[in-house]
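Enquirer: pasting a predicted model and its sequence here:
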Amino acid sequence: MSSLLKLTIDGSELEVKTGTTVAAAIMMRRPGFRRSVRGELRGPVCGMGICFECRATVNGRTQQRTCQLLCEAGMVVNTDE
Amino acid sequence: MLVIGAGPAGIAASVCAAESGSAVILVDDNPRPGGQIWRAAAETENGGSREKQAALWLDRLRKSSARLLLSTCVVARLADRLVLAENKAEAIEISFGRAILATGARELMLPFPGWTLPNVFAPGGLQALVKSGFPVEGKRIVVAGTGPLLLAVAAFLKSKQARIEGVYDQASWGSMIPFAGSVFKRPAMFRAALGYGASLRSSPYRCGWWPVSAKGTDRLQSVTMTNGTQVKTIECDMLACGFHLVPNTELQSAFGCVLAVGKAQVDEWQRTTTDGVFSVGESTGIGGLDLALVEGQIAGLAAAGKSDHASRLFQKRNALVKLARAMDRAFALRPELRRLAQPDTIVCRCEDVRWSSLQGQQSVRPARLYTRCGMGPCQGRVCGAALQFLFGWESAGTRPPVYPVLLSTLIREPHDLYKEKP
């Protein structure tokens, strides 16, 4: 029942099924995509909007918790990497 | 009536209140209803009894008159019967007569060397990410920590073709056996446990083991576990490690509800100490799906004025609360878990505060002021519960907004005002 959609992550295109969250999509590329305040590489941990380790910029909006955002066609995502 | 949280408890409350004639607004910060345990329930392929139960409740919710506001996060209480919420970039005010808080739980994570490496997850967290589209076929996964969630998550990951290298619970066999006894008495739980056992038969399940360290360069490469005497290193792709659950009580705090031992205090009608505010599900104490459903029904009915109907559910609720307490005892945390961190182990992930910086601090407030521990975006949701276990530090409470919001949400006229009759 799910169809596919394309979004751009750090400049390159990725195709995912509808219903995929942005965090899951980014993780298909690399496990760590955020830098902590001291520059340590971090990835999603809690999957439910609590830990804030999945933050990325989505369509120009910064600090988005990507584990609670569904992918949309044409979305532009930028991580710290 | 405002219901906050569209997991099983919130859905049950909304359905019962709406079917009893109340005008209900159900709010959730996720893009779909179901909370954690019923995440993506509509898309599940297998038609097991648990999936059918979720489908039935979600269907009842859809057919009810309850209005669902998704991707909407309640951030502050503006007045007795008024809250401020944010939806994407819009500010929303919701006025209500009664509120039912079904805010659920989060996983307890304890610091140990390497726990901040990419590919180290909380068990429910990895399950949520997989349900949200992250593939794990062929990945070697170690599941560790404590609690009934470990087996459920391991079995789920196995069903997604992951390779479960082992499930390690820090609880000893001795503390698990009395709990196992109560599982035998409940047919549905027993069948579920047998199901997990069958699907995980090729993976080791060990009691009395806990993590020493996670190692890797830019991602996890191996995990070292111990039982106090033996030490074992396992090469793997992912670690799902969490130490059971703690209630989410930030909104209960914002409503002025009295908390006890980190749970919202409620009476037999699920009423908190604040007039007109109920609390249900994991927020009143970790007790699982069945208890959440019953508590949600009790509050929904009671808040809608159907006390007789609500009181008929008390016996079932009380029995499930007893089972929940047995579960707490079975998975109590051993003292060794307080000594896992090394001096340079991160304790506060948001602000990169290390264990050594926290030595010599007396409580949460000075630790915050001197090290910034707990002052980051998660506002102590991750490190706070850990500090409670590690040092016995009581949480310093919550201040609004309970989640980060856009400045425009705080200063602009709200885009929408929802007003419902009590």
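Expert: Great, that's in hand. Worth saying up front: this structure is predicted, and the values here are computed from it rather than measured. Numbering: from 1, shown residues only, chains lettered A, B, ... in the order given.
Enquirer: and for the residue in the stretch 201-350 of chain B positioned nearest to chain A, the neighbour number?
Expert: The minimum distance from the stretch 201-350 of chain B to chain A, using C-beta to the nearest C-beta, falls at B:Arg219 (4.7 Å). Yep, even glycine has a C-beta here, placed from its N, CA and C like the rest. Neighbourhood size, B:Arg219 [other C-beta atoms under 10 Å in any protein chain shown]: 16.
Enquirer: let's verify it: helix, strand, or coil?
Expert: Classification of B:Arg219 using DSSP: H, G, I helix; E, B strand; the rest coil returns coil.
Enquirer: against B:Ala128, how distant is it?
Expert: 19 Å (C-beta to C-beta, to the nearest Å).
Enquirer: can you show me the helices along chain A?
Expert: Ranges of helices in chain A, per DSSP state H, are A:22-29.
Enquirer: now it, which segments are flagged as low pLDDT?
Expert: Along chain A, the model assigns pLDDT under 70 to residues A:1.
Enquirer: again, but for chain B
Expert: In chain B (pLDDT under 70), the answer is B:42-48, B:414-422.
Enquirer: grab the most central residue of it for me.
Expert: Compute the mean C-alpha point of chain B, and by C-alpha atoms, centre = their mean the closest residue is B:Ala105, 2.3 Å away.
Enquirer: got the contact list for it?
Expert: Residues near B:Ala105 by C-beta atoms under 8 Å, 6 or more residues apart in numbering or on different chains: B:Leu245, B:Val246, B:Pro247, B:Asn248, B:Glu282, B:Ser283, B:Ile286.
Enquirer: same thing with B:Ala292?
Expert: Here B:Ala292 is in contact with B:Gly7, B:Pro8, B:Ala9, B:Ala12, B:Ala102, B:Val280, B:Gly281, B:Glu282 (C-beta under 8 Å, 6+ apart).
Enquirer: what does B:Val24 give?
Expert: By C-beta under 8 Å, 6+ apart, B:Val24 lies in contact with B:Met1, B:Leu2, B:Val3, B:Ser14, B:Ala17, B:Ala18, B:Ser64, B:Ser65, B:Ala66, B:Arg67, B:Glu420.
Enquirer: could you pull out the helices for the stretch 201-350 of chain B?
Expert: B:250-254, B:288-303, B:307-311, B:314-330 (DSSP state H, counting those that start in this stretch).
Enquirer: looking at those, which is buried most?
Expert: helix B:288-303 (a mean of 27; mean count of other C-beta atoms under 10 Å in any protein chain shown).
Enquirer: chain center to that helix: distance?
Expert: 17 Å (C-alpha atoms, centre = their mean, to the nearest Å).
Enquirer: and the angle for it with helix B:314-330?
Expert: Between helix B:288-303 and helix B:314-330, the angle comes out at 140 degrees (axes from the mean of the first three to the mean of the last three C-alpha atoms, to 10 degrees).
Enquirer: could you list the domains of chain B?
Expert: B:2-106+B:246-328, B:109-243, B:340-391 (automatic domain parsing).
Enquirer: which of those is buried the deepest?
Expert: Greatest burial across these, using mean count of other C-beta under 10 Å, falls to domain B:2-106+B:246-328, with a mean of 21.
Enquirer: next helix or strand past the strand or helix carrying B:Val142?
Expert: Element membership for B:Val142, per DSSP states H and E: strand B:140-146. Next along the chain after strand B:140-146, taking DSSP H and E as the criterion, comes helix B:148-159.
Enquirer: which other helices and strands does that following helix contact?
Expert: If you count contacts as 3 or more C-beta pairs under 8 Å, 6 or more residues apart in numbering or on different chains; DSSP states H and E, helix B:148-159 packs onto helix B:123-131, strand B:140-146, strand B:163-169, helix B:187-199, strand B:238-243.
Enquirer: of the ones you listed, which is nearest chain A?
Expert: helix B:123-131 (3.2 Å).
Enquirer: mind putting the helices of the stretch 201-350 of chain B into a markdown table with distance to B:Val183?
Expert: Formatted as a markdown table, these follow (distance: least, C-beta to C-beta, whole Å):
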| stretch | distance to B:Val183 |
| --- | --- |
| helix B:250-254 | 30 |
| helix B:288-303 | 11 |
| helix B:307-311 | 28 |
| helix B:314-330 | 9 |
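Enquirer: follow-up on the earlier one: the domains of chain B: which one's closest to B:Leu407?
Expert: When the domains of chain B are ranked by proximity to B:Leu407, the top entry is domain B:2-106+B:246-328, at 10.5 Å, counting by C-beta to C-beta.
Enquirer: state the distance spanning the first to the last residue of the closest one.
Expert: 30 Å (C-alpha to C-alpha, to the nearest Å).
Enquirer: now do it: distance to the chain's middle.
Expert: On C-alpha atoms, centre = their mean, the centre of domain B:2-106+B:246-328 falls 13 Å from the chain's centre.
Enquirer: need the contact list for the residue of the stretch 201-350 of chain B closest to chain A.
Expert: By C-beta under 8 Å, 6+ apart, B:Arg219 lies in contact with A:Pro31, A:Gly32, A:Gly43, B:Leu117, B:Pro118, B:Asn119.
Enquirer: redo those as CSV? Include distance to B:Gly256.
Expert: Compiled in CSV, these are given as follows (distance: C-beta to C-beta, whole Å):
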residue, distance to B:Gly256
A:Pro31, 41
A:Gly32, 40
A:Gly43, 37
B:Leu117, 40
B:Pro118, 40
B:Asn119, 41
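Enquirer: show me those that map onto strands.
Expert: Here DSSP state E is the test, and these give no hits in strands at all.
Enquirer: run through the residues of chain A sitting next to chain B.
Expert: Residues of chain A lying near chain B by C-beta under 8 Å from any C-beta of the partner chain: A:1-2, A:16-17, A:19-21, A:23-25, A:27-28, A:30-32, A:36-38, A:40-53, A:55, A:61, A:63, A:67-71.
Enquirer: of the residues you listed, select the buried ones using a PyMOL command.
Expert: Entered in PyMOL, the line below selects the buried ones among those, by 16 or more other C-beta atoms under 10 Å in any protein chain shown:
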select buried, chain A and resi 16+19+20+21+23+24+25+27+30+31+32+36+41+42+43+44+45+46+47+48+49+50+51+52+53+55+67+68+69+70+71
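Enquirer: inside strands: which ones of the residues of chain A next to chain B?
Expert: A:Val16, A:Lys17, A:Leu41, A:Arg42, A:Arg55, A:Arg61, A:Gln63.
Enquirer: still on that earlier bit, need the contacts of B:Ala292 in CSV with distance to chain A, can you?
Expert: Output for those, formatted as CSV (distance: C-beta to the nearest C-beta, whole Å):
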residue, distance to chain A
B:Gly7, 10
B:Pro8, 15
B:Ala9, 15
B:Ala12, 20
B:Ala102, 14
B:Val280, 18
B:Gly281, 14
B:Glu282, 12
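Enquirer: just the closest of those residues to B:Thr409, please.
Expert: The nearest one, if we look at these relative to B:Thr409 and count by C-beta to C-beta, is B:Ala102, at 22.8 Å.
Enquirer: my read: that closest one touches B:Ala17, true?
Expert: No - if you go by C-beta atoms under 8 Å, B:Ala102 and B:Ala17 don't touch, sitting 11.7 Å apart.
Enquirer: what touches both of the two?
Expert: B:Val3.
Enquirer: against A:Ser12, how distant is B:Gly104?
Expert: 36 Å.
Enquirer: with A:Arg35 instead?
Expert: From A:Arg35 to A:Ser12 the distance is 20 Å (C-beta to C-beta).
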